[in-house]
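Chemist: 3D model of this:
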Amino acid sequence: MMTSKEIVEKNRKDWNSYSEKWSAFNHSEKILRPVLNDPAKAFHKKTWELIQRYLPDLKGKRVCVPSSGDNLAVFAFALSGATVTSCDISDNQLAHARQVAVREGLGDAIEFVCADTMKLEGIPDGGYDLVYTSNGVHVWLNDLPSMYANVNRILKKGGLNIVYEIHPHLRPFDEELKIIKPYDATGPFEDETTVNFHWRLQDIMNAMMHSGMRLEHFEEMFDEKDYERPFWLKTEDIINGLRADREEVDRMYDWRKNPPMALPHWICLVGRKV
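Modeler: Numbers count the residues shown, from 1 in each chain. A predicted model of the protein is given here:
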């Protein structure tokens, strides 16, 4: 079995090699400009509503975004007046995001730190009003208790951890609702380039609560129709130029024609450091 260090290094290598293509797509005018014009566009509508409910004024707040990936949420927080720390294991991902931040005049508001989300090394204790993690974070992490312990560590007392993630009950199924694995088969799942994990809802929620945070809110959400990057097309296919026409996307979002659409696709959790 691979060690935690080996898992992190394998995934770091994969994201470093993939980062240029990832940035070219996510930092294109079509994807980036709507976020720069309206920071809410970086989030699911319900997630943005929860951020606004719990932190109605982000001006002057300190926000940390572990596993920041495309950094769209980072840019959105900075545009909303926050001072943001963007953390990721991929140096190349951070370098591409830094170029965008400087180009768009956000460089002074964002600090970029190469750090493992399970350790958040170099991030000081008790300094943040909000730690936000977005879709696709948990799948790369083999130790959720360590992640949440360090999220709790860096939060101020009363600070918030808002989590947006794919709904774990989708993991056992393929697009036709055919069962492809047991729900409690959490991994590791290894291929040539990556190692990932399919955590259950209880794994995520218990890791948050056992870290010392209090769970304040839990939301299950449906995907919002998106003609540019519909939920039912794989991100890699979209980046490689695969598109669906409007009629096909409309079909994807009709549960009578696409049964998985009847199930919620996303979860959002709000935890508070007590």
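Chemist: Residue 140 against residue 12, yeah?
Modeler: No - the pair residue 140 / residue 12 is not scored as a contact, 9.6 Å apart, by CB atoms under 8 Å. C-betas here are computed from N, CA, C, even on glycine.
Chemist: Residue 20 against residue 96, yeah?
Modeler: Yes - counting by CB under 8 Å, residue 20 touches residue 96, with 7.3 Å between them.
Chemist: quick one: which of the two has more around it?
Modeler: In terms of neighbours (other CB atoms under 10 Å), residue 96 is the more surrounded of residue 20 and residue 96; the figures are 20 against 12.
Chemist: Pretty sure residue 27 is one of the things the more buried one touches, is it not?
Modeler: Yes - the pair residue 96 / residue 27 is scored as a contact, 6.7 Å apart, by CB under 8 Å.
Chemist: Report how many residues lie close to residue 261.
Modeler: Residue 261 has 18 nearby residues by other CB under 10 Å.
Chemist: Just to be sure, it is in a strand?
Modeler: No - Residue 261 is assigned helix when assessed by DSSP: H, G, I helix; E, B strand; the rest coil, not a strand.
Chemist: tell me the pLDDT at it?
Modeler: If you check residue 261, the pLDDT there is 90.
Chemist: Where does the residue nearest to it when sequence neighbours are not counted sit: helix, strand or coil?
Modeler: Excluding the flanking residues, the one nearest residue 261 by CB to CB, 6 or more residues apart in numbering is residue 255, at 3.9 Å. Taking three-state DSSP as the rule, one finds residue 255 in the coil state.
Chemist: What values do phi and psi take at residue 255?
Modeler: Residue 255 adopts backbone torsions of phi -60, psi -20, taken as degrees, to the nearest 10.
Chemist: what about residue 129, which helix or strand?
Modeler: Assigned by DSSP states H and E, residue 129 belongs to strand 128-133.
Chemist: Buried residues, that strand. List them.
Modeler: By 16 or more other CB atoms under 10 Å, the buried positions in strand 128-133 come out as 128, 129, 130, 131, 132, 133.
Chemist: Ok, stretch 46-61 next?
Modeler: By neighbour count with 16+ other CB under 10 Å, stretch 46-61 contains the buried residues 46, 47, 48, 50, 51, 55, 58, 61.
Chemist: Next, the angle from the biggest strand by length in the chain to strand 128-133.
Modeler: Secondary structure of the chain per DSSP state E: the longest strand is strand 155-166. If you take axes from the mean of the first three to the mean of the last three CA atoms, to 10 degrees, strand 155-166 sits at 20 degrees to strand 128-133.
Chemist: Partner strands of the helix or strand following strand 155-166 and their direction?
Modeler: Moving toward the C-terminus from strand 155-166, the first helix or strand encountered (DSSP H and E) is strand 189-190. Here strand 189-190 has these sheet partners by DSSP bridges: strand 195-196 (antiparallel).
Chemist: I'd like the average pLDDT over the strand it pairs with.
Modeler: On average, strand 195-196 scores 96.
Chemist: If I look at the nearest residue in space to residue 198 that is not next to it in sequence, what pLDDT would I see?
Modeler: Leaving aside its chain neighbours, residue 198 sits nearest to residue 171 (4.2 Å; criterion: CB to CB, 6+ apart). We have a pLDDT of 92 for residue 171.
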